[in-house]
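J.: sequence and predicted structure are below.
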Amino acid sequence: MERTSKLQNQTVEKNTSGLINGLIGVLIFSGSLPATRVAVLEFEPVFLTVARATIAGVLALCMLWLFKEKRPARHQMLPLVIVALGVVVGFPLLTALALQYVTSAHSIVFVGMLPLATAAFGVLRGGERPRPAFWFFSVLGSLLVVGFAVSQGLTASPAGDILMLLAILACGLGYAEGAKLSKTLGGWQVISWALVVSLPIVAPLTWWLTPSSFSGISAPAWWSLAYVSLFSMLIGFVFWYRGLAQGGIAAVGQLQLLQPFFGLALAATLLHEQVSLGMLGVTVAVILCVVGARRFAR
C-alpha cells in the first residue's frame, strides 16, 4: 500500500514537473514568430534559418564538450536527423518564408493547430494512446484559437498559409520524435545533438549565404536574430523536451494552445498594444481545454 502511494506521488511530481518545464518552453517560444517576423524583414529567410542554426549549433557543441556527454548510439541517429529536419531546419525555414507573405498575428491560426499535430505524431511515433475525450478538448481548444484569430480580421495568403501548414507538420513531428528520444538521451542533449548533426550542412551554407555587407541591418533585426538563435533554437527546447518526456507528449503538448495568447500578452506589455476582453475570455476557455485534455491524455 505504501509502495503504491509512493509511486503515485512520484508520478504526480513527474507530471507536475513536466507541465512546469513545458510551460517555460512555451513562454520562450511565444516570442519566436514575432522575432522571426522582425528579422526576416532585413535578413534573407534561408540565411536567417541557417545562421540561427549555426549559432545555436556551436553553443550546443560547446555544452556537450563541457559536460563530456557521450555520443548518441547508432540507433539514435535517425531520430536525431528527424528532429533536426523538423525543428532545426523545417519549422524555422518554413515560417521565415511564410512570414514574408503573412503577419505574425496571422500565424496564430496555425500555432493553434500545433498541439493537435504534436499529439497525432505522439500517437504515431511515441506510442501514446489518449482517451477519446482528449481529442474532443484538443479540437475544441484549437478551434477556439483559430476562431479568435479569424475574428481579428486576418487576411489570407495561399502561399503563406501552405508554408505555415507545412511548418506546423514539421514542428509537430520534431516535437514528438524529440520527446520520445528525450526519455533515453535526455532533454537538452536531444536538441544539442540535433543541432550538432545539422552543423556540417548549415555552417557552410551560412558562410556561403552571408551578405557582403551588414551595414543596413538595424538593431531590432540583430536582437531578433539573437533571440531566435539562443532562446528559440536552444534554451526553449531544453525545457520543452524535458517537459514532454516527463509529462507525456499529448498532455504537455496541449500547453501550446496558450502560446498565441502569451505572444499577444508580450505584445501588450512590450509594445503597449491593447488586450481586449474577448482575448481574455478566449484565453480562459483555452486554459480550461488544456486542463480537460491533460486529464484524459493517458
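T.: Received the coordinates, thanks. Numbers count the residues shown, from 1 in each chain.
J.: show me where the stretch 101-250 of the chain has its helices.
T.: For the stretch 101-250 of the chain, applying DSSP state H, counting those that start in this stretch gives helices covering 108-111, 114-126, 132-151, 158-185, 187-209, 219-227, 236-247, 249-253.
J.: could you point out the helix or strand that follows the helix or strand that contains V46?
T.: According to DSSP states H and E, V46 maps onto helix 45-66. Moving toward the C-terminus from helix 45-66, the next helix or strand (DSSP H and E) is helix 77-83.
J.: show me what that next one is packed up against.
T.: helix 158-185, helix 187-209 (3 or more CB pairs under 8 Å, 6 or more residues apart in numbering; DSSP states H and E). (C-beta placed from N, C-alpha, C; glycine too.)
J.: report the buried residues of that helix.
T.: Buried residues in helix 77-83, defined by neighbour count with 16 or more other CB atoms under 10 Å: 79-80, 82-83.
J.: distance to G292 and pLDDT added to those residues, as JSON lines?
T.: Shown next, in JSON lines, are the buried residues of helix 77-83 (distance: CB to CB, whole Å; pLDDT from 0 to 100):
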{"residue": "P79", "distance to G292": "31", "pLDDT": "94"}
{"residue": "L80", "distance to G292": "34", "pLDDT": "96"}
{"residue": "I82", "distance to G292": "30", "pLDDT": "96"}
{"residue": "V83", "distance to G292": "29", "pLDDT": "96"}
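J.: for Q259, give me its contacts.
T.: 26, 29-30, 111, 114 (CB atoms under 8 Å, 6 or more residues apart in numbering).
J.: measure it to R131 for me?
T.: 24 Å (CB to CB, to the nearest Å).
J.: and of the buried residues of helix 77-83, the nearest to L19?
T.: Within these, the smallest distance to L19 is 21.9 Å, found for V83 (CB to CB).
J.: distance of F137 from C289?
T.: In terms of CB to CB, F137 sits 5 Å off from C289.
J.: just to revisit the earlier point, would you point out the most distant pair within the contacts of Q259?
T.: Taking CB to CB, no two of the contacts of Q259 sit farther apart than S30 and L114, at 12.1 Å.
J.: before we move on, back to that, mutual contacts of F137 and C289, please.
T.: Counting by CB under 8 Å, 6+ apart, the residues touching both F137 and C289 are Q254.
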